[in-house]
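Engineer: sharing a model prediction with you, sequence too.
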Amino acid sequence: MPSPPAYVKNYDPGVTNIRNVSSPHWRRWLGPTSRCVVPFTSFAEPDPASKIEGGRVPNAWFAGNEDRPLMFFAGFWTPWKGVRKVRDGEQEYELFGFLTTSPNEIVSPIHQKAMPSILTTPEEVETWLTAPWDEARHLQRPLPGNMLVIVPPQAKPKPDEEGLLL
C-alpha cells in the first residue's frame, strides 16, 4: 500500500503491514471496495533466536495445524500510480497490504510486535469483504493461540513438464 507521505523521500517503498487504522492516511481504504483476502496455508516470521553464528536468520513457520488448512489474511488493496523504483520512474500498480494486530502467545516469542489478522471461517471472510467498517474492524484481533501452531518449513514445489507447480 502507499506509504504515509511523511515517510516518502524520492520514492515510495510501500507498506505491507497495516496496523494503525485510526491514522487519517488509511481512512480512504477502510471500505469494502478496498478490502481483500490473501489465501495462505502457512506463513513465516524471521526467528533471530534460532540463528546459527555466521548464518542467516531462519524463519519460523506458522499454520492452523499440521495439515496446513487454508486460511486468509485480512488485507487492503488499491490501484496506485507512483514511483516504487527510481530507475523505473512513475508506474501504475495494484498494491496490497496485510491488516496486522498484536501477536498471540504462539507468535509473540518469535515476533513481539505484530501478527497478521487471520480469517478462518467463511463468515469471517464474508464480513471482511462486505460489512461496514464498524463491523469488519473487529476482525483486527489476534487469532486464539489454540488455532495456530509452529510447523516445519515445506519443500519448495517443483514445476512439472508444463510448468505447473505440483
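Structural biologist: Happy to help now that I have it. Numbers count the residues shown, from 1 in each chain.
Engineer: the strands in the chain, which residues?
Structural biologist: Ranges of strands within the chain are 17-18, 35-40, 43-46, 59-63, 71-83, 90-101, 115-116, 118-119, 149-151, based on DSSP state E.
Engineer: which one of these lies closest to residue 134?
Structural biologist: Nearest to residue 134 among the strands of the chain is strand 35-40 (13.7 Å), distances taken as CB to CB. Every C-beta, even on glycine, is put in place using the N, C-alpha and C of the backbone.
Engineer: quick one: contacts of that closest one?
Structural biologist: 29, 70-77, 96, 98, 119, 125, 128-129, 136 (CB atoms under 8 Å, 6 or more residues apart in numbering).
Engineer: dump the strands of the chain into a markdown table; add mean pLDDT, mean neighbour count and distance to residue 143 as well.
Structural biologist: Output for the strands of the chain, formatted as a markdown table (pLDDT from 0 to 100; neighbours: other CB atoms under 10 Å; distance: least, CB to CB, whole Å):
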| stretch | mean pLDDT | mean neighbour count | distance to residue 143 |
| --- | --- | --- | --- |
| strand 17-18 | 76 | 18 | 16 |
| strand 35-40 | 96 | 16 | 12 |
| strand 43-46 | 94 | 16 | 11 |
| strand 59-63 | 96 | 19 | 9 |
| strand 71-83 | 90 | 18 | 9 |
| strand 90-101 | 89 | 16 | 9 |
| strand 115-116 | 96 | 24 | 7 |
| strand 118-119 | 98 | 24 | 5 |
| strand 149-151 | 96 | 16 | 11 |
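Engineer: out of the ones you listed, nearest to residue 108?
Structural biologist: If you check each of the strands of the chain against residue 108 by CB to CB, strand 115-116 wins as the nearest, at 7.9 Å.
Engineer: name the helices or strands packed onto the worst-scoring helix or strand of the chain on mean pLDDT?
Structural biologist: Across the helices and strands of the chain, mean pLDDT, DSSP states H and E gives its lowest value to strand 17-18, namely a mean of 76. If you count contacts as 3 or more CB pairs under 8 Å, 6 or more residues apart in numbering; DSSP states H and E, strand 17-18 packs onto strand 90-101.
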